[in-house]
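>>> give me a model of this one.
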Amino acid sequence: MDCLREWPEPIVRVQSLSESGATTIPAHYVKPPSERPSAAPAAAAGAVSIPVVDLGKLEDGADAETVKAIAEACRGWGFFQAVNHGVSPGLLRRAREVWRAFFHLPMEEKQRYANSPVTYEGYGSRLGIQKGAILDWGDYYFLHFLPLCLMSHHKWPAQPPTLRETTDEYGEELRKLCRRLTKALSMGLGLEADHLPAAFDEEGTCMRVNFYPKCPQPELTLGLSAHSDPGGMTILLVDDHVAGLEVRKDDSWITVRPLPDAFIVNIGDQIQVLSNAAYKSVEHRVRVNASSERLSMAFFYNPRSDVPIGPIPHLLTTDRPALYQPMTFDEYRLFMRKAGPRGKKLTG
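The predicted model follows:
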């Protein structure tokens with residue numbers, strides 16, 4: 001881990017660049033022409049969108065219609081919007097409010113939590129340690145919920161005063177939701193409800209709160225480069241008044257139009273491996289704009305980090321043998337951390 005102890009260059013907060021009044025962005029945020037948001041055609045607004053799944057009838061993964069809808073979305077898209085998910089709209093509002101307030105604190109207060117590439121935990125402005133890399137237009141705060149040996153409230157912001165309490169409550173509600181969803185995903189593979197959740201017996205849960213400031217040249221950069229998520233499953237809460245997330249579908253980028261109080265759910269690389277690519281971990285990226293800042297809260301539900309993850313044996317046949325060699329999540333995460341959020345590492 002020695003190579004990960006320090007950032008390769010001095011850290012500059014993107015929010016500071018945005019608030020400086022500059023009309024151009026620094027060169028190290030300008031993406032190559034092939035990666036710019038205008039380089040690939042996006043689907044026409046309203047023409048196509050990711051599936052929407054109503055979770056109102058999902059009780060312990062047992063409602064057949066809901067299980068089928070979740071499985072079809074994860075096989076065909078790797079993404080869906082979840083409505084009637086059982087998490088209080090009031091809690092969603094409070095979670096967004098406290099974290100937006102954090103990012104609008106004075107810089108000296110936020111700098112108390114500046115992170116390092118050892119764990120990414122804390123206040124950060126870049127992912128990946130490649131020197132001279134083209135950076136993304138965004139800041140973030142990364143924190144752990146589980147395992148308990150990694151979680152410490154002292155590493156969470158002390159301001160605003162209700163942030164720690166609200167974030168604790170939010171994390172507990174999302175862990176419950178993830179457990180329900182993994183049962184449904186297991187049944188969608190034709191397995192017993194507890195088969196897939198067994199891989200998450202000693203689950204790891206963490207969250208990255210992303211802050212994308214206004215950008216004077218949004219056509220030249222991205223808030224987050226195209227990538228697939230390395231973990232098990234991601235539950236994303238976004239500002240529903242401004243779009244930014246795009247999902248790759250075939251050769252097009254599909255803009256996600258967030259529904260009020262909905263979660264955006266996507267499959268990560270570990271569930272693609274466990275399902276032997278029946279469920280897809282799909283590339284996605286984040287656009288920024290000149291007129292609005294944007295906040296998103298990505299809750300990551302991951303397997304135990306030191307146990308090798310490979311395709312579930314019950315899913316293997318002579319016609320479809322294992323597509324992946326087992327690898328621990330720790331090993332995979334280190335590989336991803338060195339590379340940063342660039343592209344999709346798994347095939348299948």
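>>> all strands for the stretch 151-300 of the chain, in order.
204-212, 224-227, 233-238, 245-249, 252-255, 263-267, 284-286, 294-302 (DSSP state E, counting those that start in this stretch).
>>> pick the most buried one from the ones you listed.
strand 263-267 (a mean of 25; mean count of other CB atoms under 10 Å). C-beta here means a position set from N, CA and C on the backbone, and glycine is covered the same way.
>>> CA atoms only: put that one into CSV for me.
The C-alpha trace of strand 263-267 is given here as CSV (Å, rounded to 0.1, in the frame of the first residue of the first chain):
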residue,chain,number,x,y,z
PHE,A,263,-33.6,5.6,-5.6
ILE,A,264,-31.5,4.7,-8.6
VAL,A,265,-30.2,1.1,-8.2
ASN,A,266,-27.4,-0.4,-10.1
ILE,A,267,-25.5,-3.7,-10.2
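>>> other residues contacting it?
50, 74, 78-82, 85, 87, 177, 181, 229, 233-238, 245, 247, 256, 258, 279-282, 284 (CB atoms under 8 Å, 6 or more residues apart in numbering).
>>> OK, contacts around K155?
So K155 contacts 113, 121-122, 143-144 (CB under 8 Å, 6+ apart).
>>> which of those residues has the most neighbours?
L143 (23 neighbours; other CB atoms under 10 Å).
>>> surely that residue forms part of a strand?
Yes - per DSSP: H, G, I helix; E, B strand; the rest coil, L143 lies within a strand segment.
>>> and the contacts of stretch 111-121?
Applying CB under 8 Å, 6+ apart, the set of residues contacting stretch 111-121 is 1, 4-7, 11, 122-124, 127, 129, 141-144, 155, 157, 208, 337.
>>> and which of the contacts of K155 is nearest E192?
Nearest to E192, judged by CB to CB, of the contacts of K155 is H144 at 29.9 Å.
>>> from what I see, that closest one and L150 are in contact.
Yes - counting by CB atoms under 8 Å, H144 touches L150, with 4.1 Å between them.
>>> what touches both of these two?
G204.
>>> which residues touch M327?
273, 308-310.
>>> what two of the residues you listed are the furthest from one another?
Farthest pair in the contacts of M327 (CB to CB) is V273 and P308. Separation: 10.2 Å.
>>> out of the two, which sits in the busier spot?
Ranked by neighbour count (other CB under 10 Å), V273 and P308 place V273 first, with 28 against 11.
>>> setting the sequence-adjacent residues aside, check what's closest to the more buried one.
Nearest non-adjacent residue to V273, counting by CB to CB, 6 or more residues apart in numbering: Y324, 4.8 Å away.
>>> where does pLDDT dip in this protein?
Counting by pLDDT under 70, the chain has low-confidence residues at 1-4, 39-47, 60-61, 335-348.
>>> and the residue most central in space within it, what are its bridge partners?
Nearest to the mean C-alpha position of the chain, by CA atoms, centre = their mean, lies A298 at 4.4 Å. Beta-bridge pairing for A298 (DSSP bridges): R208, L236.
>>> can I assume it is in contact with N210?
Yes - with contact defined as CB under 8 Å, A298 reaches N210; the gap is 6.6 Å.
>>> contact partners for W156?
143, 163-164, 167.
>>> let's see it at 10 Å
W156 sits next to 102, 113, 121-122, 141, 143-144, 163-164, 167-168 when contact means CB atoms under 10 Å, 6 or more residues apart in numbering.
>>> coming back round to it: which neighbours do A298 and N210 have in common?
Jointly contacting A298 and N210 under the rule CB under 10 Å, 6+ apart are 140, 142, 224, 236, 238.
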